[in-house]
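K.L.:
I would like to see how this sequence folds:
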Amino acid sequence: MPDEPLDVLVVEDNRGDVRLIKTGLDESSVERSLTVVSDGEAALDYLYQRNGYESEAYPDLVLLDLNVPKKSGRDVLERMNETEELRSVPVVVLTGSRADNHVQETYQLGADGYFVKPVDPHEFISLVEAVANSIASSGTLLPGKYADIDRE
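P.N.:
This next block holds a predicted model:
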């Protein structure tokens with residue numbers, strides 16, 4: 001990536017998880033700007049540059065929890081996938097679900113990565129750090145534990 005900071009949108013309603021994500025980003029070697037929203041409706045406002053977010057650019061990376069209020073992470077993914085400009089924005093799902101049907105559905109909706117949130121805070125921080133470093137250095141995401149799942 002160029003010398004510009006990585007613009008990261010975090011869609012997460014759990015303050016503890018937001019803290020861990022921020023720490024992971026801080027520990028990465030990535031210069032970044034960060035916007036945190038706590039529900040899917042605010043995420044869509046940000047992504048569609050409306051309701052107070054008119055001056056925002058598209059993010060370089062979205063870290064998305066599936067279980068957020070107002071509009072779910074699935075709703076956000078579905079809307080992003082319907083919009084050509086947003087289809088190219090990398091989306092990493094960070095969630096608590098290990099269910100194969102959730103993983104498959106998420107990939108079908110356009111997610112680029114799917115990671116179950118580690119219970120151990122240090123592992124969570126390391127995961128976020130690795131994701132940020134990967135996207136910043138190569139423009140691609142880590143394949144993730146679920147990369148080989150049948151997406152059909």
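K.L.:
Could you say which helix or strand holds the residue at minimal distance from the centre of the chain?
P.N.:
Centroid-nearest residue in the chain: residue 63, 1.6 Å away (criterion: C-alpha atoms, centre = their mean). Per DSSP states H and E: residue 63 is located in strand 61-64.
K.L.:
Let me know the secondary structure of residue 111.
P.N.:
coil (DSSP: H, G, I helix; E, B strand; the rest coil).
K.L.:
again with residue 54
P.N.:
coil.
K.L.:
Can you give me the distance of it to residue 46?
P.N.:
10 Å (C-beta to C-beta, to the nearest Å). The way it works is simple: take the backbone N, C-alpha and C, and place the C-beta from them, glycine included.
K.L.:
Out of the two, name the residue with the larger neighbour count.
P.N.:
Between residue 54 and residue 46, counted using other C-beta atoms under 10 Å, residue 46 has the larger neighbour count: 21 against 9.
K.L.:
Can you give me the distance of the nearest residue to the more buried one once chain neighbours are set aside to residue 136?
P.N.:
With C-beta to C-beta, 6 or more residues apart in numbering as the criterion, residue 46 has its nearest non-adjacent residue at 4.6 Å, and that residue is residue 53. Per C-beta to C-beta, residue 53 is found 23 Å from residue 136.
K.L.:
Can you tell me the SS state at the closest residue in space to residue 58 that isn't next to it in sequence?
P.N.:
Excluding its sequence neighbours, the residue lying closest to residue 58 (C-beta to C-beta, 6+ apart) is residue 89, at 5.7 Å. With three-state DSSP as the basis, residue 89 sits in coil.
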